[in-house]
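Colleague: compute the structure for the input listed below.
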Amino acid sequence: MDRGLMLNDADCGFCMRTARLVPRLGVDVDSSTVQAADLVALGVDAERAVVEMPYVHPDGRVDYGHRAFAAILRTGPLPWRVAGRLMTLWPIDPVAASAYRWVAHNRHRLPGGTPACELQR
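Modeller: Just a heads-up that it's a prediction; the model follows:
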């Protein structure tokens, strides 16, 4: 795989809206949906993938959630590369993780969100 792969939940309007916006940042990633991808072949945990966005690096490593989003940003131009790096450094890392969890658990309430976006707790 030459480029990383961002995977989104096709059943979530907010996730798909985000997937359409991310390329505008100039990032160098491919995009697909969790439902269309061969998760086993990619080494992606299917249960985790509907709760946290997975990103498959070109070397096969998989990041989830805020670390996935940070890795995606690091493929883009400045200032996104810097933002992606900062998101995984102390003391920002736990704050970014909390922010990601909040967005994930409230995505059905955010623009583009639908009842199908709601995560079961």
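
Colleague: from here on, contacts and neighbour counts on C-alpha atoms
Modeller: Fine.

Colleague: can you pull the buried residues of stretch 101-115?
Modeller: Neighbour-count burial for stretch 101-115 flags 101, 104-105, 107-108, 113 (criterion: 16 or more other C-alpha atoms under 10 Å).

Colleague: now do the contacts for the spatially most central residue of the chain.
Modeller: Of all residues in the chain, the one closest to the mean position by C-alpha atoms, centre = their mean is residue 53, 3.7 Å from it. Residues near residue 53 by C-alpha atoms under 8 Å, 6 or more residues apart in numbering: 6-9, 64-65, 68-69.

Colleague: how about a cut-off of 6 Å?
Modeller: Residues counted as contacts of residue 53 (C-alpha atoms under 6 Å, 6 or more residues apart in numbering) are 64-65.

Colleague: could you check how far it is from residue 44?
Modeller: Remark: distance between residue 53 and residue 44 (C-alpha to C-alpha, to the nearest Å) = 10 Å.

Colleague: scan the chain for its longest helix.
Modeller: Using DSSP state H to define each element, the chain has its longest helix at helix 92-106.

Colleague: quick one: the helices in the chain?
Modeller: Using DSSP H, helices in the chain cover 13-21, 39-42, 46-49, 65-73, 80-86, 92-106.
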